[in-house]
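Trainee: build the 3D model from these lines:
(2 chains)
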Amino acid sequence: MININDVTMVFDKNKGEKENFVALDHVTIEIPEGCIYGFLGSNGAGKSTLMRLMCGVYPCSGGMITIDDMPVYDNPAAKGRIFFVNDETIQYANYTLKDLKNYYASYYPEFSDEVFDRLTGKLELPQNKRMSQFSKGMKRQAVVVAALSCKTKYIMLDEAFDGLDPAMRKIIKTMIVDELMDRGATMIVSSHNVAEINELCDRAMLIHQGHLIFADEIDEIKSGFCKIQMALNGAQMTKEMAEQAGLEVMQFSRLGSVAQMIVRGGSEDMIPRLRPLSPVLLEAVPLTLEEIFIYELEVRGYGADILREDK
Amino acid sequence: MEQTYFAKINKAATAECRNRRKIRLMITILAVAGGLFEMGEFGVRNWGVVDGEIAKKPEFQGYFGLFLIFVMAFFGAFAVFGIFSDLTNKQTADVQLSLPMSAKDRFLSKVLALARLHLIPLAIESVLMLVVGAIRGSEVLEDSLIYLLQAHGVIMACAVFVDAVCIFCMCCCGAKAEGVYTSAITGLCVSLTPFMFVNYIMETFSGVSYSRDNVGKICSVFGGMVVMCFPEADVFTTTKAFLVIAVNIVMSCLLAYASFYIYRKRDGRHVGKPMVYDLFMELFMFLGLFTLFTMFAYIQSWGIGLTVAAIIYLVIRIVAARAKITPKVFGVWILKYIVSFAVFVVIMAAGYFTGGFGYYRTRCQDFDCYYYNIDIETTGYENGYYDSSDFHDHSNRYTMKDKYEQRLLMSHSTIEEPENFITVEERKAKTKACMDLVDKYYTLEGRDMKTFAEILFDGRDSYISNKDNRVYAHVNIYSSEDYSYNEYPKNDRYYSDTHYGVSFWIPASERAEFDREADEITGGSEDAFDWSIFDD
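Mentor: Below you'll find the predicted structure:
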């Protein structure tokens, strides 16, 4: 299990800046073994920073991260259980696949030549070409193959699927899931594509401006929000009326006499609270993860300034 | 367990080396080409006649091979910049810092990779050269091996120094450009500054110049000045040269060891910052400016010097800043430049008022020699004229009759019969008397800021200025040493002449007494003459 306990990450201010930059502010998450965990967040929210903390690239400014109860920073034993694929592949530009295999085989004692050869063969990746001549998708495939071949217990993919076409995403995802399922490994993946996280992951967390908004199983997250459509007889439904009924309204809109609300909480709890208003229409619609993502960030003002300026 | 640990480091080093094929190829090409040229250029030549037999000496009859090997030594910089790219490249840092290795493991594996890419090929080339040298120099086998070992020791010391400085600077910088130019400048400064400090500041302000003194030579332990240990440089005896080379290598290793502590403190946050440590930046700038100021003080070109130093300084500041430069920031830079110059002047002043940091107490020791000459001179100024008194011993007094006769036998040219010999006891007594004279009259009294400013800004010959109440005294002892051809290259007397000179001010009122004592010591002739001041 990866235990992220009250972690804070502060970057020292650069010359000319007045304050240090707090990238993560008291974040606590538990990542159990054998799951696929999605990191969601706006641009610059702190997802990549958290991943770098989890693989020992950065030390925590506060709090602690442990992998299987071992602190991770500067600890080869803990780092040997994790493989980090960052969002760039430029560092491998001069490598051939053989170089890539040799490179990681030198560091990870469990490295499997069999897995590497099988997967690169399956994906028909050219063995003797330099990776600088690979397409973006091929580079990604090669690095993911290397990650899977290292046979680490945890694999972290930072925006690994971004920029790939749908077919390529599907191929890579299928390959990862097949390999991980075989050996019960854990994958942590960050992406801006919420639908992808929804489809791939068992669990997810949402982070914004360094603050953790939620972290749970995806089904639980979804059950924590609902979209309610409601109309009153001869009166306009208002946000204030919903709030007086005890709802936490994240978004409120109206089309004609029908009000639409995104509220925090499950429909089974929220609907009974609205019944005293004697609505002529009252129904709850489940939310997608993407909608939750957008509404949670909107509540926190993300993009509001830009939208306001556009208007 | 240890073996397993080494195997881990070794594997990581192998992985690192595999990624540096281009630099390995370049180093190999230089090693092969340099080695082949060296082998062709090394040989043995006739050097003199000893006991009626021709003495032979190993040497290089061309230096292109050695030049290539020196270039190879400097190519270590490229290896370091590649191997330590995790300090300057975010993507590489992400990969390497997340690998299952501690900072210590990574550092060790990188140093091992550097050794395998750079130092081991150099060592192999040196060993092959020794084998070839043993064959081509078989007539004087021992001499040839010592000669080559000394030459290649110097190259190895240079290579280790280049590697160590580059590692140190890379560890202190987070951007490759900074790593490159700070390495080049720091390497130059570390090599030059101690040498200039001794040869300019200490000698100028003490007035002492002593060719047998080792203070200046000891600067060879710093960086690139180890080239003074090259056999053809004739600065050190073989034994001392090996000692200096060893110390030089040890100091470079210590620098690399210190770099480890800096490397260990770094993490992914520092990658990309031009200067990771402000202290390094300030020390680097001060070291660079100090070297430049010393150079310009030496060549007496302050107008151009201060401007050039300021331009170089500001360019580096601007490049390293990377951000918006406000008038306040610019003002702080200028202030730091002025402070650096002020500190330089203070150090120079400290040198002046302490007689070259105590170097003025250096005295000439007695030693065996062929020729022995004493020259004592006083120069005073009065009524617009300089007048000088010069007391000197008989020229070319031979001190060792048997050696003189031996030399007559060995020499193809005619050596004139000396006017008179001087006994060893007499020579010792004369040297002692000279040094007593210096002890008696050379004090640091009367040193003032005006004279200091004249020396600093007008040059070391500033004694040619109005000194109504003082007289400038020089005491010089010249000697030629015992030639021992047949012991080349292990002897310590085969090369140079010795000169001891000391210049100092004495009160004009003491001149007559000083001149009288000088006359007594030399027991020779006095040349007195006056000359006019050249008024500009």
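Trainee: give the buried residues for the longest helix along chain B.
Mentor: Looking across chain B with DSSP state H, the single longest helix is helix B:141-172. By 16 or more other Cβ atoms under 10 Å in any protein chain shown, the buried positions in helix B:141-172 come out as B:143-172. (C-beta placed from N, C-alpha, C; glycine too.)
Trainee: how far out from the middle of the chain is that helix?
Mentor: Mean-position distance between helix B:141-172 and its chain equals 15 Å (Cα atoms, centre = their mean, to the nearest Å).
Trainee: list the contacts of the one residue sitting closest to the centre of chain A.
Mentor: With distances taken as Cα atoms, centre = their mean, A:Phe39 lies nearest the centre of chain A, 1.7 Å away. By Cβ atoms under 8 Å, 6 or more residues apart in numbering or on different chains, the residues touching A:Phe39 are A:47, A:50-51, A:188-191, A:204-205, A:207.
Trainee: need these in a markdown table (columns: pLDDT).
Mentor: Shown next, in a markdown table, are the contacts of A:Phe39 (pLDDT from 0 to 100):
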| residue | pLDDT |
| --- | --- |
| A:Lys47 | 90 |
| A:Leu50 | 93 |
| A:Met51 | 93 |
| A:Ile188 | 93 |
| A:Val189 | 91 |
| A:Ser190 | 89 |
| A:Ser191 | 83 |
| A:Ala204 | 90 |
| A:Met205 | 91 |
| A:Ile207 | 90 |
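Trainee: burial count for B:Arg322?
Mentor: 17 (other Cβ atoms under 10 Å in any protein chain shown).
Trainee: for B:Met281, see how far away it is.
Mentor: Counting by Cβ to Cβ, to the nearest Å, the gap from B:Arg322 to B:Met281 is 12 Å.
Trainee: before we move on, the earlier item: could you list which of the contacts of A:Phe39 also contact chain B?
Mentor: Counting by Cβ under 8 Å from any Cβ of the partner chain, nothing from the contacts of A:Phe39 sits close to chain B.
Trainee: turn those residues into JSON lines, including distance to A:Gly246 and neighbour count.
Mentor: Output for the contacts of A:Phe39, formatted as JSON lines (distance: Cβ to Cβ, whole Å; neighbours: other Cβ atoms under 10 Å in any protein chain shown):
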{"residue": "A:Lys47", "distance to A:Gly246": "34", "neighbour count": "24"}
{"residue": "A:Leu50", "distance to A:Gly246": "34", "neighbour count": "28"}
{"residue": "A:Met51", "distance to A:Gly246": "38", "neighbour count": "26"}
{"residue": "A:Ile188", "distance to A:Gly246": "36", "neighbour count": "27"}
{"residue": "A:Val189", "distance to A:Gly246": "37", "neighbour count": "24"}
{"residue": "A:Ser190", "distance to A:Gly246": "35", "neighbour count": "25"}
{"residue": "A:Ser191", "distance to A:Gly246": "35", "neighbour count": "22"}
{"residue": "A:Ala204", "distance to A:Gly246": "27", "neighbour count": "26"}
{"residue": "A:Met205", "distance to A:Gly246": "27", "neighbour count": "24"}
{"residue": "A:Ile207", "distance to A:Gly246": "28", "neighbour count": "24"}
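Trainee: any chance of the residues you listed in a markdown table, with secondary structure too?
Mentor: Output for those, formatted as a markdown table (DSSP: H, G, I helix; E, B strand; the rest coil):
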| residue | secondary structure |
| --- | --- |
| A:Lys47 | helix |
| A:Leu50 | helix |
| A:Met51 | helix |
| A:Ile188 | strand |
| A:Val189 | strand |
| A:Ser190 | strand |
| A:Ser191 | coil |
| A:Ala204 | strand |
| A:Met205 | strand |
| A:Ile207 | strand |
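Trainee: quick one on the thing from earlier: secondary structure element holding the residue nearest to the centre of chain A?
Mentor: Assigned by DSSP states H and E, A:Phe39 belongs to strand A:36-41.
Trainee: could you list the buried residues of that strand?
Mentor: A:36-41.
Trainee: which strand residues sit across from A:Ile82 in the sheet?
Mentor: Per DSSP bridges, the residues bridged to A:Ile82 are A:Tyr154.
Trainee: so B:Asn214 versus B:Trp333, what's the distance?
Mentor: 40 Å.
Trainee: picking up where we left off before, what pairs with the strand holding A:Phe39, parallel or antiparallel?
Mentor: strand A:186-190 (parallel), strand A:203-208 (parallel).
Trainee: next one: B:Val221 relative to chain A, how far apart?
Mentor: 35 Å (Cβ to the nearest Cβ, to the nearest Å).
Trainee: residues touching that residue, list them.
Mentor: Contacts of B:Val221 by Cβ under 8 Å, 6+ apart are B:244, B:247-248, B:251.
Trainee: quick one on the thing from earlier: identify the bridge partners of the residue nearest to the centre of chain A.
Mentor: Applying DSSP bridges, one finds that A:Phe39 bridges with A:Ser190, A:Met205.
Trainee: what separation is there between it and A:Ile4?
Mentor: 11 Å.
Trainee: ok, B:Leu97 touching A:Val57?
Mentor: Yes: using Cβ atoms under 8 Å, B:Leu97 is in contact with A:Val57, at 4.3 Å.
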